[in-house]
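*Asks:* Next input, structure requested:
(one chain, ligands or ions: 4)
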Amino acid sequence: MKKTVYSVCGMCSVRCPVRVDVENGKVVWIEGNSHDAGMGKGLCAKGGSAISFLYDNERPQSPMIRVGERGSGQWKNVSWDEAYGYITDKLKDIIEKHGAKSIMLTDRGGPFAELRQAFVKAIGSPNYINHDCTCGRNSHHAAKSVDGLGRKGFNYDMKNARHIVLFGRNLTESLRVKEVRSFMAAVKNGAHITYIDPKVTNTAAKATRYWRNKPGTDYALLLGITNYIVNNSLYDQDFVAKWVTGMQEMQTFLAPYTPEWAEGETSIPADEIKAFCHELNNDRPKVIFHIGWLYTRYRDSFYASRMMSILNALMGNMEQTGGLILPRSPKEAGAKGLKNLGANIPAVTDPRCDGCGTVYKHFDAGAGMLQLAYLAIDSGNPYPMKAYIAHRHNPLVALPDPEEQKRIFNKLDLLVAVDVNYSDTAWFADVILPESTFLERDSILRTDKGPKPGFSMRRKAIEPINNSKPGWQIYTELAALLGKGEYFPYKSIEDIWNYQLQDSGVKIEDFDNKGFVKLCEKPIGCNPDTLKFGTESGKIEFVSPKWEKMGIPSFKPYEAPIAGPEGSYRLIYGRKGYQTHGQSQNNPILSQLLGSNKLWINTAEAKKLGITDGTMVTVSNGDVTGNIEAYVTDFIRPEAVFMLHGFGKNIPVLTRSYGKGLADQIFMKGKLTDWDQAGGGVNLCESFVTVKPAV
Ligand SMILES: Nc1nc2c(c(=O)[nH]1)N[C@H]1C(S)=C(S)[C@@H](COP(=O)(O)OP(=O)(O)OC[C@H]3O[C@@H](n4cnc5c(=O)[nH]c(N)nc54)[C@H](O)[C@@H]3O)O[C@H]1N2
Ligand SMILES: Nc1nc2c(c(=O)[nH]1)N[C@H]1C(S)=C(S)[C@@H](COP(=O)(O)OP(=O)(O)OC[C@H]3O[C@@H](n4cnc5c(=O)[nH]c(N)nc54)[C@H](O)[C@@H]3O)O[C@H]1N2
Ligand code: SF4
Ligand SMILES: [Mo]
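*Replies:* Ligands and ions are numbered 1, 2, ... in the order given. Presented below is the predicted three-dimensional model:
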C-alpha cells in the first residue's frame with residue numbers, strides 16, 4: 001500500500017511545505033512540495049534527514065517522570081495518565097496557592113503556537129512566552145520603533161533585487177529553503193550582494209562585496225553609510241517627503257559620523273563606503289537591507305538594526321518589486337481568515353510576570369521575554385512563578401549560562417518539557433512528555449501570508465511509532481483535566497480544523513490535492529498606495545515617540561565595543577546548513593555530516609599562542625573551561641573566536657553527540673541579566689574567552 005501525504009516539515013522552525021511517501025505504513029521518501037512554486041522538490045539536509053530521525057530510538061518513547069535529583073538522568077517510564085496526574089496535581093496546587101498566573105509556558109512561537117497560547121489563556125495565565133529574546137527581538141523592536149510593523153512587517157523580494165545588503169545574515173547556511181532559492185536567483189541575475197561579517201561564511205563567498213569588519217562595529221559602519229547618503233542626497237527624496245518624520249533630527253545627529261570616521265572604527269576604507277553608497281543610489285529602489293537577525297546580539301544592535309530600517313526607507317524600497325513587500329493576509333484577498341483558537345476564551349487581566357507591555361511599554365506583550373521571566377522566578381516579583389512548561393524550547397541551550405538557569409529552575413515546583421528529543425532542558429525537567437514527531441502528527445492549520453495568501457495543513461504521514469501524542473491532543477487533555485474543557489471541546493484534529501475554517505468558506509478536503517489552499521488566483525502585486533505603517537503618526541518615524549517616552553533616545557551616540565580582559569577574544573557563534581540549533585546533533589545522518597564544532601581562531605593569533613590547526617585547545621571564561629579542536633584560519637578577524645552553536649552535549653543516552661565539541665552558551669556567564677533595554681535582546685556576543693593549547 002502506497003500513499004502520498006502533503007505536510008509541513010518540522011526539522012527546523014522554517015516549516016517548509018513537503019511531500020511524503022508512505023509504503024506499507026513506513027515513511028520511505030520526503031521531498032519539497034513542488035506544488036508550491038517557490039519551494040521546488042529540494043529540501044535542505046535537515047529536512048532530508050527527517051526519516052532517519054523518525055526511526056531513531058534515541059529519543060523519548062514514553063512519558064517519563066524523574067526519580068532522582070533534577071538533572072541526574074534517573075527516570076521511570078509512565079503512562080500518559082500518570083504523567084498527566086503528576087502534572088495536574090502540581091498545577092492545581094499552585095493555582096490554589098498562587099493563582100494560575102504563576103504558571104508559564106514557553107515555546108518556539110510561529111504559526112502553530114496559537115494552540116498553546118489558547119491553552120495558557122484558558123487556564124488563566126498571562127505568561128505565554130516564546131523563544132525570541134535570543135532570536136529576533138532586537139531587530140523586531142528596532143523595526144517597530146521605525147515603522148511600527150516589526151520584523152515580519154515586510155517580506156523581502158530578493159529574487160528581483162538589484163542589491164542585497166546582509167549584516168551577518170548568513171542566509172545560505174542559516175537557511176530557509178525558499179529564501180535561499182530567491183537569493184540565488186538574485187545572484188544569478190547579477191544582483192550586487194554586500195555581506196558584512198567578521199568571519200567568512202558561504203554567503204560571503206557569494207557576495208560581490210565582502211567587508212570583514214571589527215566585531216561589534218556595525219553601528220559605526222551604518223552611521224558612516226547613512227551620513228554619506230543623506231549629505232549627498234543619494235536617497236529617495238519623494239518617498240522621504242511623503243512618508244518620513246524626523247529626517248532633520250537625524251541629519252543633525254549624523255553630522256560627526258563621516259565615512260572617514262567610520263573607517264577608524266570598523267577598518268572598512270572610507271572610499272569603499274562611498275563607492276557602496278553610490279552603487280546603492282543606482283540600484284534603488286530595488287535595494288534590500290536585511291534588518292539583521294542573529295548578529296544583533298551586541299549592546300548597540302538595536303540601534304544598528306534601526307539604522308538598517310531607516311536605510312530601507314531612504315532607498316524608497318517599500319512596496320516596490322525587488323524591495324520590501326507587505327505580506328498580504330486573507331482579508332486582502334477578499335476572504336475571511338482562520339478563526340483564532342482563543343477567540344472564545346476570556347481575556348486574562350493579570351499583568352505579565354516579565355513586565356512586557358506594562359513595565360516595559362515598548363516591548364510587545366505577545367512574545368514576552370524569557371530572561372525577564374527568570375528574574376520573576378528568582379525574586380518572586382511581581383508575583384511567585386512556580387510552574388514552567390517548555391514546549392519545543394530548550395532554554396538551557398538557547399539562553400546563556402545554563403548553570404545559573406538551573407539555579408533559577410530549582411525555585412520552581414514543576415518543570416515540564418514537551419519535546420521530541422531528550423533536550424538539555426528535558427533532561428533537567430521533572431516530567432518529559434514526548435510529542436509525536438511532525439511525520440507522526442497533525443497540527444492546527446496555519447495562515448500563509450504573501451502575494452497569494454492562504455492556509456496550509458500539516459498532516460501525519462503515519463501513526464505514532466512510540467507512546468507519544470500530538471501537541472493538540474496533549475493540551476486538549478490537560479485543559480480538560482484542569483477543568484477548562486469547555487474551551488477545548490475538540491475530540492479530533494478535524495474538530496479543530498473545522499473550528500478554524502468555520503468563517504473561511506474552505507473545507508478540509510480542499511487541502512487534499514496540494515496540502516495548501518490559496519485564496520486568490522493571481523498574486524496581489526506591489527502597490528505603494530497600500531502602504532500603511534503601525535506607528536502612532538502612521539508614518540515612518542526616524543524619531544520614535546514611543547521609545548522616547550520610555551527615556552530611550554532614537555539616536556544613540558556611538559560608543560566603541562567594550563574590549564575583554566587582556567589576552568581574551570570575543571566569542572561569536574553561528575550555524576551551518578547541516579544542523580538546527582542544539583536539537584539535531586544526535587540525528588543519525590546529520591551527526592555524520594557535522595558531528596562536532598571547532599574553535600575558529602585567526603592564524604596570527606594562533607601563532608602567538610603556540611596553537612596549530614587541528615590540535616586541542618582549552619577555552620575558558622573564569623571557572624568555565626573546556627577543550628575543543630582548533631581551526632586556524634585567516635578567515636576570521638583577530639579580535640574574535642568563533643564556534644558553531646548547539647554542540648557540547650552531555651546527555652549520555654544520546655550516543656552520537658555525547659561529549660562532542662563545546663557548547664558556546666556555557667561561556668556566556670552573567671549574560672542572563674545583560675540584555676538590551678532598548679530592544680530587549682540578550683547580549684550574547686558580549687562574552688570573552690581565553691584560549692591556550694590544551695595540556
Ligand atoms: N549561545 C547561543 N544561543 C542561542 C543561539 C546561538 O546561536 N548561540 N541561537 C538563538 C536562536 S536564533 C534561537 S531561535 C534559539 C533557539 O532555541 P530553541 O527554540 O530552544 O532551539 P531548538 O533547538 O530549535 O528547539 C527547541 C527544542 O524543540 C524541540 N523540538 C523540535 N521539534 C519538535 C517538535 O516537533 N515538537 C516538540 N514538542 N519539540 C520539538 C527540540 O528537540 C529542542 O529541544 O536559540 C538562541 N540561542
Ligand atoms: N541550518 C540552519 N539554518 C537556520 C537555523 C539553524 O539552526 N540551522 N536557525 C534559524 C534561525 S532560528 C535563525 S535566528 C537564523 C539565524 O540566521 P543568521 O542571523 O544568519 O545567524 P547565524 O548563522 O547565527 O549567523 C550570525 C553571523 O553573525 C556573525 N557576526 C558575529 N558578530 C558580528 C558582527 O559584529 N557584525 C556582523 N555583521 N556579523 C557578526 C557571525 O560571524 C555569524 O556568521 O537561521 C535560521 N536558519
Ligand atoms: S529549512 Fe530544511 S529543516 Fe527547515 S523546514 Fe525547510 S526543509 Fe525542513
Ligand atoms: Mo532564531
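
*Asks:* and the spatially most central residue of the chain, what is it in contact with?
*Replies:* Relative to the mean C-alpha position of the chain, the nearest C-alpha, by C-alpha atoms, centre = their mean, is the one of C135, at 4.1 Å. Residues in contact with C135 (C-beta atoms under 8 Å, 6 or more residues apart in numbering) are W293, L294. C-beta: built from backbone N, CA, C; applies to glycine.

*Asks:* Number of residues surrounding H131?
*Replies:* H131 has 24 neighbours, counted by other C-beta atoms under 10 Å.

*Asks:* cool, and S329?
*Replies:* Around S329 there are 16 residues (other C-beta under 10 Å).

*Asks:* Distance of it relative to E639?
*Replies:* According to C-beta to C-beta, to the nearest Å, S329 and E639 sit 44 Å apart.

*Asks:* Same question for P523.
*Replies:* 46 Å.

*Asks:* Equivalent analysis for N650, please.
*Replies:* Using C-beta to C-beta, N650 is found at 30 Å from E639.

*Asks:* Settle it for me: which of the two has more neighbours?
*Replies:* Ranked by neighbour count (other C-beta under 10 Å), N650 and E639 place E639 first, with 20 against 13.

*Asks:* Output stretch 269-276 in CSV with nothing but the alpha carbons.
*Replies:* Listed next in CSV are the C-alpha coordinates belonging to stretch 269-276 (Å, rounded to 0.1, in the frame of the first residue of the first chain):
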residue,chain,number,x,y,z
PRO,A,269,38.1,52.1,4.0
ALA,A,270,36.1,55.3,3.6
ASP,A,271,36.4,55.2,-0.2
GLU,A,272,34.8,51.8,-0.3
ILE,A,273,32.0,53.0,1.9
LYS,A,274,31.4,55.9,-0.5
ALA,A,275,31.5,53.7,-3.6
PHE,A,276,29.0,51.4,-1.9
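
*Asks:* Buried ones in it, by neighbour count?
*Replies:* Within stretch 269-276, the residues that count as buried by 16 or more other C-beta atoms under 10 Å are A270, I273, K274, F276.

*Asks:* Now do the strands in the stretch 501-650 of the chain.
*Replies:* 516-518, 540-541, 569-574, 599-602, 616-621, 624-633, 640-644 (DSSP state E, counting those that start in this stretch).

*Asks:* between these, which one is nearest to ligand 1?
*Replies:* Taking C-beta to the nearest ligand atom, strand 569-574 is the member of the strands of the stretch 501-650 of the chain nearest to ligand 1, at 4.5 Å.

*Asks:* any idea how far the closest one is from the chain center?
*Replies:* Put simply, strand 569-574 sits 18 Å off its chain's centre (C-alpha atoms, centre = their mean, to the nearest Å).

*Asks:* again with stretch 300-309
*Replies:* The answer for stretch 300-309 is 17 Å, by C-alpha atoms, centre = their mean.

*Asks:* Give me the mean pLDDT for it.
*Replies:* Model confidence over stretch 300-309, given as mean pLDDT, is 97.

*Asks:* Can you name the residues in contact with that stretch?
*Replies:* Residues from elsewhere that reach stretch 300-309 (C-beta under 8 Å, 6+ apart): 138-139, 141-143, 145-147, 165, 167, 216, 218-219, 222-223, 226, 289-292, 295-296, 298, 554-556, 558-559, 676, 678-679, 681.

*Asks:* what does stretch 467-484 give?
*Replies:* 60-63, 80, 84, 87-88, 91-92, 95, 112, 115-116, 118-119, 122-123, 391, 418, 420, 433-437, 440-444, 460, 464, 485, 487-488, 490, 493, 496.

*Asks:* Which pLDDT value goes with whichever residue of the stretch 101-250 of the chain sits closest to ligand 3?
*Replies:* Minimum separation of the stretch 101-250 of the chain from ligand 3 (C-beta to the nearest ligand atom) falls at V177, amounting to 4.7 Å. Looking at V177, its pLDDT reads 97.

*Asks:* my read: it touches G47, true?
*Replies:* Yes: the criterion here is C-beta atoms under 8 Å, and V177 meets it with G47 at 7.4 Å.

*Asks:* who touches both of the two?
*Replies:* By C-beta under 8 Å, 6+ apart, V177 and G47 have these common neighbours: C16, G32.

*Asks:* number of nearby residues for A191?
*Replies:* Residue crowding around A191 was assessed by other C-beta under 10 Å; the count is 22.

*Asks:* does it really touch I164, like I thought?
*Replies:* Yes: the criterion here is C-beta under 8 Å, and A191 meets it with I164 at 6.1 Å.

*Asks:* Bridged to I30, which residues?
*Replies:* V20 (DSSP bridges).

*Asks:* Can you name the next helix or strand after the longest helix along the chain?
*Replies:* Of all segments of type helix in the chain, defined using DSSP state H, the longest is helix 80-98. Once the chain leaves helix 80-98, the next helix or strand it forms, by DSSP states H and E, is strand 103-107.

*Asks:* mind listing what the residue of the chain found nearest ligand 2 touches?
*Replies:* Nearest residue of the chain to ligand 2 (C-beta to the nearest ligand atom) works out as G168 at 2.6 Å. G168 makes contact with I196, D197, D218, G292, W293, L294, Y295, G574 under the criterion C-beta under 8 Å, 6+ apart.

*Asks:* Point out where the stretch 251-400 of the chain drops to low pLDDT.
*Replies:* Along the stretch 251-400 of the chain, the model assigns pLDDT under 70 to no residue.

*Asks:* Tell me the residues of it that contact ligand 2?
*Replies:* Counting by C-beta under 6 Å from any ligand atom, the stretch 251-400 of the chain comes close to ligand 2 at W293, L294, Y295.

*Asks:* My guess is the second one contacts I572. True?
*Replies:* Which is L294. No: under the criterion of C-beta under 8 Å, L294 is not in contact with I572, lying 10.0 Å apart.

*Asks:* out of those two, which sits in the busier spot?
*Replies:* Using other C-beta under 10 Å as the criterion, L294 and I572 rank with I572 on top: 27 against 23.

*Asks:* List the beta-bridge partners for that one.
*Replies:* Legend: beta-bridge partners of I572 under DSSP bridges are F642.

*Asks:* Mind pulling up the pLDDT for it?
*Replies:* For I572, the model assigns a pLDDT of 97.

*Asks:* repeat for the one 3 residues further on
*Replies:* R575 is assigned a predicted lDDT (pLDDT) of 96.

*Asks:* could you list every residue that touches it?
*Replies:* N170, E173, S174, H581, L644, H645, G646.

*Asks:* Can you report how many residues lie near the fifth one?
*Replies:* L644 has 22 neighbours, counted by other C-beta under 10 Å.

*Asks:* Just the pLDDT at the residue nearest to it when sequence neighbours are not counted, thanks.
*Replies:* Distance criterion C-beta to C-beta, 6 or more residues apart in numbering; nearest residue to L644, sequence neighbours excluded, is N597 at 4.0 Å. Model confidence at N597, given as pLDDT, is 98.

*Asks:* Ok, A37 next?
*Replies:* 86.

*Asks:* May I see the residues of the stretch 251-400 of the chain next to ligand 2 organised as JSON lines, with secondary structure added?
*Replies:* Below are these laid out as JSON lines (DSSP: H, G, I helix; E, B strand; the rest coil):
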{"residue": "W293", "secondary structure": "coil"}
{"residue": "L294", "secondary structure": "coil"}
{"residue": "Y295", "secondary structure": "coil"}
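
*Asks:* between those, which is nearest ligand 3?
*Replies:* W293 (14.4 Å).

*Asks:* Perfect, that will be all.
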